[in-house]
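Q: pasting the sequence and the predicted coordinates here, then a few questions.
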Number of protein chains: 2
Amino acid sequence: MKARVHVMLKDGVLDPQGAAVKHALGALGFAGVNDVRQGKVIELDLAEGTTEAQVGEMCEKLLANMVIESYRIDFL
Amino acid sequence: MKARVHVMLKDGVLDPQGAAVKHALGALGFAGVNDVRQGKVIELDLAEGTTEAQVGEMCEKLLANMVIESYRIDFL
């Protein structure tokens, strides 16, 4: 089974990578880009029967820094 | 309007970040993690009327390295 985890900076946390991408898109001539936020996506190939709670524990222990990041789990 | 772009390394391209995450999950005692691939997710807040072709151009010019990465665009 596969799971996809999105890890994004929480709202209100400064995102310098996103700001850099926004600036670079403007410099390349792309108009109408109001905001950019960049995060991580982690695709996990897991043994059958792994629960969402177990994946949540992986996120909280390793994948996300819960002080500044939030995560979302999708099973595929 | 919002668009979400996923940028992942192409199959067959070595993913050291994913390998490091897999190793670390094993070291933390999580069994049953067969494979991990890590990529980027970019959330764009765009002016109304921006087309998928325009977002594709952003990906090919800036967001993805087309030699080793592939991208997927989802409008939210």
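A: Sure thing, it's come through.
Q: could you pull out the buried residues of the top strand by length along chain A?
A: Taking DSSP state E as the assignment, the strand of chain A that covers the most residues is strand A:33-46. Across strand A:33-46, burial judged by 16 or more other CB atoms under 10 Å in any protein chain shown covers A:33, A:36, A:37, A:38, A:39, A:40, A:41, A:42, A:43, A:44, A:46. Every C-beta, even on glycine, is put in place using the N, C-alpha and C of the backbone.
Q: and the first one, what pLDDT?
A: When you say that, I think you mean residue A:33. Here the pLDDT value assigned to residue A:33 is 96.
Q: in what helix or strand does the residue of chain A most remote from its centre lie?
A: Counting by CA atoms, centre = their mean, the extreme residue of chain A relative to its mean C-alpha position is residue A:29, 26.5 Å from that point. For residue A:29, there is no enclosing helix or strand under DSSP states H and E.
Q: how near is it to residue B:36?
A: Residue A:29 is 37 Å from residue B:36, where distance means CB to CB, to the nearest Å.
Q: tell me which other helices or strands whichever helix in chain A runs longest touches.
A: Assignment by DSSP state H gives helix A:16-27 as the longest helix of chain A. Helix A:16-27 sits against strand A:33-46, strand B:33-46, with contacts defined as 3 or more CB pairs under 8 Å, 6 or more residues apart in numbering or on different chains; DSSP states H and E.
Q: the last one and chain A, any residue contact?
A: Yes: with CB under 8 Å from any CB of the partner chain as the measure, strand B:33-46 is seen reaching chain A through B:33-46.
Q: tell me which helix or strand comes right after that strand.
A: Following strand B:33-46 toward the C-terminus (DSSP H and E): helix B:52-58.
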